Every structure is written in C-alpha cells, then in structure tokens.
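J.: from the sequence below, what's the structure:
(chains A and B)
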There are 2 protein chains.
Amino acid sequence: MIRPLLLAAASLLLTAQAPIPPATISDPGSVIATAPDADWREIETENLIVFETARGRLVFELAPDFAPAHIAAVRSLVAQGRFDGGAITRVQDNYVIQWAARPSEAAAVPEPLPAEYERAAEGLIFTPLGFTDPYAEAGFINSWPAARDLKTKTVWLAHCYGMVGVGRDGPPDVGDGTELYAVIGHAPRHLDRNLAVIGRIVEGLDAHSSLPRGTDPLGVYATTAERTPITRAMLAANLPEPPRFQVMDTASASFVRYKAARANRTGFFVRPAAGLDLCNTQIPVRRMAPGRQSLR
Amino acid sequence: MIRPLLLAAASLLLTAQAPIPPATISDPGSVIATAPDADWREIETENLIVFETARGRLVFELAPDFAPAHIAAVRSLVAQGRFDGGAITRVQDNYVIQWAARPSEAAAVPEPLPAEYERAAEGLIFTPLGFTDPYAEAGFINSWPAARDLKTKTVWLAHCYGMVGVGRDGPPDVGDGTELYAVIGHAPRHLDRNLAVIGRIVEGLDAHSSLPRGTDPLGVYATTAERTPITRAMLAANLPEPPRFQVMDTASASFVRYKAARANRTGFFVRPAAGLDLCNTQIPVRRMAPGRQSLR
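T.: Next up, the predicted model:
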C-alpha cells in the first residue's frame, strides 16, 4: 500500500535520525536484524519435512509437543513414501491449501489416533501476547502461536497463516495424517481445538498460496489435471544437506521488542496501532546460511 | 481441512436431524440461504467500479461515507481512462496486491487530498461485533467492517481480507488514487487509520490473490513483464449491464444470527469457538441473478 520504492527512502531517513535509545520502539525489521543469536532457536532437523511439488519446496516444521500421535503418523507416512505421488487437491481462497497422500489399500494408522486438539498446559511455558483476543487468551509457546484456557489448564496451537493441520472427516474421526492443510488466509481461529494442528510451513508457502483456486465447493479442484503433484516428501534428516532455519524465541527480550515494534509502527505510520493480533504478530523465521533470509 | 466430499454428507446428516428451533444456532450457510430480502442491501451501481485485467474482472465496491475525496479522485481517474493500460505491480504474500494507473504527466488531483483515515462517528450507525478486539472496539457500519473510538468519537474501516485502500508515500503524503491495494492475507490491522480505505473487492479477488508473488522487496515485481495488465477500468454505471450485488445488512436480525452461527459452529465442529474476530466474520456478499452466488 505504500509506494514500495519510496519506503526504502523513508526507512533510510529514519535510520539517519539521532540515535534511538535502546529502550525506545524500533521497527520490526531492525529488531530482527539486531536480535542476538541467543534469542533464536534453531529448528531441529528431525522436526522438518520437505515436500517437493511441481511448484517447488514446501518446508514444514513439526510441533511434536502438541500432537505427537498425529505427527508420528505423518512421519511414518513420509518415511513409507506415501506422499510421493500425492497431490495438492484443494485451494480455497482466504482459507487453506490441502494436500493428500497417494491413495493406498493400506491403512495409514492401525487404530484411530487420539483427538489431539489441545493439551495440558503443564510443562510448557506460555508467554502472553499482552493484548486481548476474541477467542481465548493469546500467546506463544516455544515460538508457536498459541492460546490457553486457565480454567481447564489447557493450551493449543492457533490457526494462523502458514500453520498446518490434519484433515479429518466429521466427528468422531480425528484424521490419520494422509490429508494435511495449511492456512493461506485470514486466521480461521474457529478451527482451533477442532483439528490437530501439527506445525507450520517455514518456506515455500508463497509459491503454493498462489495456486489457482479450485472451483468445486470448498475449493476442491474439479479435475485431477488441476492438482499440483507432490513428487516426493522427505524427512529432512535423511537429506544430504538439510535446510536449516531459526525461529525467534518468543520468550526472549528480542521478541518483547519485536512485539512492541509491530504494535507501534513508526516511519511510514502516522498513528501506531497500540495493539497487536496474535496472527498478525508473524513470528520471525529465517533461513540459516547459505541462502536468503526468511520472508515471513 | 475437512475431507471436502464428506462434509456434504455430514451436512446432510445434520439437516436430517429433528427440526431446529428457530432461536437455536444454525450454520452460517443456512443463515445466508434463508435471510429475507429485507436483510440485504443492494450495492448501488454508482458505487461499483469494474477493473478488467488479464486474469478477469475485479469488481470493487466504494465506501463513500468514509473517504469521499479519495473516492472522487478514483472515480475521476477511472472516468478519464487513467487505469486503462495500468497494471498490477505488486503481490506480497499474506499481505496485499497493488495496482497502479498508467503513468501520466498530468497530476491526478490538483491539490493534496485530506487525510481521510478516520471520520466522525456522528451520522453513522455502528453495530458492535460483540467480541473483544486487540486494536479497538470492533463492529460494522452499513455492512462494512469497522472500528470506533468512543473517546475521540471517530470511526474507520478495518483492513480485512478484500478491503481496498489508497497507496501513498511517507507522510505527509496521503495518496492521490493512482495506486490502490487490496488485502490478500491476514488482516493487517496496523494499517487502520494510516491510509485511506475506500472499499472492498466483491468479485474476482480469488483470481488475483493467486497471482505469483513479486520477488523484489515488498512483493514488487522485479520486471514489468511479470505485471498483470489492466486492460480497462469502468464505472459500472456506464456499462450496458452492470453487475448487481447484495451485501447482508449488518444491522439486521439475519446478521445477528449469522454472527452467532460463525461464533458457534456445529456439525463438523466439536468445540464451538464462542468467539469471533472482526475480519473472520466475512460479511456475506452475493451476486444477484443471473450468475452464481457470492464468492466471499
């Protein structure tokens, strides 16, 4: 909405002003650029899955603290090659892309999985967002967007842009990991606690959120020809050179500064929002060398 | 995220249950389908602009209560043919698409426009959302997503998915209408009250939100060849058969039911959210016959 070429100029002007006292609000980009290494956590290679499609790579970080049985099922399907020859079957505008494993006679899981839609808060550190939320108490757990209920002492992952969940049929089905979806629109938070959220896309979503929308109900492609094939899926740990990423530690001082900077934008902005929505926080993720920085 | 073909079945099962008492929560689709005509307002033809691009039509509803000078400038540019030969110059993932009028020696407006980023609340009916919001008091004005500040007695339009604003340079520039953007990601509400929001896309956004993302900073296309040309833009009132749309009246009883249904989903949902975010409300818009129903 800005005229982009002029933003750079505005940004330079800002930096050229008198030195900013450390405690003062900075801009989000500067906070990211100056955050010390200690304020990032490296994403463990064992928690990365790489889907290769006709559009490029989708790199997917798993969140095993939240849905371990669903994640074990997905890991197993990937290891068995069940996603090789799968496809993106659905793209619904302002909602989700959905992809499926190759059909098989073999059941994906021997028994129905547990309904891992939320979990006990115990054992996890919850950092509140610090602003109100229309659905629950919003915050962050180990660099994931999350919410909690103090009465039931439960926490869950939030359906923010890029978050990945396990498709399912109507209840009591809980999904078996053969269908996955990623959010590509305004956060459908009404899905929170209704499906197993198992991670997020950390790279490549932009090449897939731009796929043509399906024209059947719910954005399903009307023909198989419209589907984007998944050539193969791999556990990153099995790659000769696994991609490496860092995510900002949401319990760090840098993240406090980052949130403040997102809530109180300067420079281009004439009126800071003085507020921040959980899914508009956009937890910084960056690729580690070599390669370009994260674009999240 | 559901397995779409089975949703239909689940939905049928639901409808086949015992009759639902009228006061009970329904599903959002049923509320839309059964809302009486009186609970919709037709979008005035004079408030519609049609942009024709290589990807199809973008139909744009203006909100003249909120930024009349910016809207007058855009109407004038369209009438002068300044958008014919323009282009979509920027697509940034989870943020905006932006399009520009054809460059010209002639100034778009003789004098800088006023900063129409908010306005006096007086004279407009504000219907509260009924749920908390991290930025302000959220609600609706004449079927627009909006917010208000009771202290300053001001209201403004919210940057929800599909909303359109006027690009500008750094302050004190306020834009002249030659650059427009539409939200295609999670609502960037930090932009509220920082730019002139002038309306929303009511049809065709799905064919444009799926454009390839630009690879220069801020999603700007690196080459002119990547741009999507705008073949022409027209005031709908000048078309032989203007498209017709209805938007649900946000002050109607149907909209109260719709919000309740969005906040308390049934059927597929095992745990209703009991909450609703302003930009996840998705005010129903539908095309009037002939043609298919709304795509929002």
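
J.: all helices for chain A, in order.
T.: Using DSSP state H, the helices of chain A run over residues A:4-16, A:28-34, A:68-79, A:206-209, A:253-263.

J.: can you lay out the ones you listed as TSV showing distance to residue B:247 and mean neighbour count?
T.: For every residue, glycine as well, the C-beta is placed using N, CA and C. Below are the helices of chain A laid out as TSV (distance: least, Cβ to Cβ, whole Å; neighbours: other Cβ atoms under 10 Å in any protein chain shown):
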stretch	distance to residue B:247	mean neighbour count
helix A:4-16	32	13
helix A:28-34	34	16
helix A:68-79	39	20
helix A:206-209	26	22
helix A:253-263	31	20
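
J.: what ranges of chain A fall below the confidence cut-off?
T.: A:1-24, A:290-296 (pLDDT under 70).

J.: hang on, the earlier thing: which one of the helices of chain A lies closest to residue B:212?
T.: Between residue B:212 and those, the shortest separation by Cβ to Cβ is 8.1 Å, and it involves helix A:206-209.

J.: so the closest one, near chain B or not?
T.: Yes. Helix A:206-209 comes into contact with chain B (Cβ under 8 Å from any Cβ of the partner chain), by way of A:206-207, A:209.

J.: re the thing from before, and the helices of chain A: which comes nearest residue B:55?
T.: helix A:206-209 (15.8 Å).

J.: what's the offset of the closest one from the middle of its chain?
T.: 13 Å (Cα atoms, centre = their mean, to the nearest Å).

J.: want to throw the helices of chain A into JSON lines with distance to residue A:151?
T.: Shown next, in JSON lines, are these (distance: least, Cβ to Cβ, whole Å):
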{"stretch": "helix A:4-16", "distance to residue A:151": "44"}
{"stretch": "helix A:28-34", "distance to residue A:151": "34"}
{"stretch": "helix A:68-79", "distance to residue A:151": "24"}
{"stretch": "helix A:206-209", "distance to residue A:151": "36"}
{"stretch": "helix A:253-263", "distance to residue A:151": "25"}
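
J.: which one of those helices lies closest to residue B:29?
T.: helix A:206-209 (24.6 Å).

J.: residues touching that closest one, excluding its own?
T.: Contacting residues not belonging to helix A:206-209 are listed as A:53, A:55-56, A:58, A:88, A:97, A:182, A:184, A:228, A:295, B:93-94, B:210, B:213 [Cβ atoms under 8 Å, 6 or more residues apart in numbering or on different chains].

J.: give me the buried subset of those.
T.: Among these, those buried by neighbour count (16 or more other Cβ atoms under 10 Å in any protein chain shown) are A:53, A:55, A:58, A:88, A:97, A:182, A:184, A:228, A:295, B:93-94, B:210, B:213.

J.: let me have these in a markdown table, extended by distance to residue B:152.
T.: Listed next are the buried ones among the contacts of helix A:206-209 as a markdown table, based on distance: Cβ to Cβ, whole Å:
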| residue | distance to residue B:152 |
| --- | --- |
| A:53 | 49 |
| A:55 | 47 |
| A:58 | 45 |
| A:88 | 47 |
| A:97 | 41 |
| A:182 | 39 |
| A:184 | 36 |
| A:228 | 49 |
| A:295 | 36 |
| B:93 | 34 |
| B:94 | 30 |
| B:210 | 39 |
| B:213 | 37 |
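
J.: please identify which of those residues is nearest to residue A:64.
T.: Nearest to residue A:64 among the buried ones among the contacts of helix A:206-209, counting by Cβ to Cβ, is residue A:182 at 17.7 Å.
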